[in-house]
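# here is the input, now give the coordinates:
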Amino acid sequence: MSMVDEVINELNTNPKADAHSVIGHAMTGWDKKKEALTDIKFPKKRERKEKQLKERIIVSCTTSWDNKKRIKTVLKKIGPKEIEFIVTGTSKGEQLVASVALELGIMLYRTHPWISANNDFIVQGKAMKIFKPTQVIAFNEDPEENRHTLGYQRLCRRSDIVFKMVSK
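Numbers count the residues shown, from 1 in each chain. The predicted structure is shown next:
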């Protein structure tokens, strides 16, 4: 029985054996190890089932938004069980989103109202880094007028994140 056969036999009989340590104990000298390593067929790693990631959603909503039904249909279309969490702000429209999320049993994170006209884009970027969303939904009546929505749209384009604009 050759040295390679001994190493393969040891690997097959002892499930906890590491090929490199078995070869190291069985032989001395780098050339012999190198020969043995080229001849050994290592067992294949078990393939793991990929977990299907749930949706992590940031919701941007204007203060004048008052269509609760539309919010509910959009979130139901995604599926409440498919949503890991929703991140909203504290505007009047985002409070509607929060109430719908709680009705549907979706976990909710609320950001503080430290957004002003000057640091809007910076805060959005931080929210994107912290929560790592899979998509951003903007409930908006007039998208061209709203800087907040345009900021999220730019960030989503840069990061290859799904951006959905919803209007009444």
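# going forward, measure contacts and count neighbours with C-alpha atoms only.
Fine.
# could you list the low-pLDDT ranges of the protein?
Low-confidence segments of the chain (pLDDT under 70): 1-4, 7-8, 10-11, 14-52, 113-123, 143-144.
# could you chop it up by domain?
As recorded under automatic domain parsing, the domains making up the chain are 3-39, 55-166.
# now do the last one: distance from first to last residue.
Terminal residues of domain 55-166 are spaced 17 Å apart (C-alpha to C-alpha, to the nearest Å).
# in the helix or strand containing K72, what counts as buried?
Following DSSP states H and E, one finds K72 within helix 68-78. Of the residues in helix 68-78, those buried by neighbour count under the rule 16 or more other C-alpha atoms under 10 Å are I71, K72, L75.
# quick one, what contacts the first one?
In this case it means I71. Contact analysis of I71 by C-alpha atoms under 8 Å, 6 or more residues apart in numbering lists V97, V100, F139.
# now swap in K81 and tell me
Here K81 is in contact with I106 (C-alpha under 8 Å, 6+ apart).
# now do the SS call for it.
helix (DSSP: H, G, I helix; E, B strand; the rest coil).
# from K68, how far off is it?
Per C-alpha to C-alpha, K81 is found 20 Å from K68.
# if we can go back for a sec, what is the helix or strand that comes right after the helix holding K72 packed up against?
Per DSSP H and E, the first helix or strand lying C-terminal to helix 68-78 is strand 83-88. Contact here means 3 or more C-alpha pairs under 8 Å, 6 or more residues apart in numbering; DSSP states H and E; on that basis strand 83-88 packs against strand 55-61, helix 92-104, strand 108-110.
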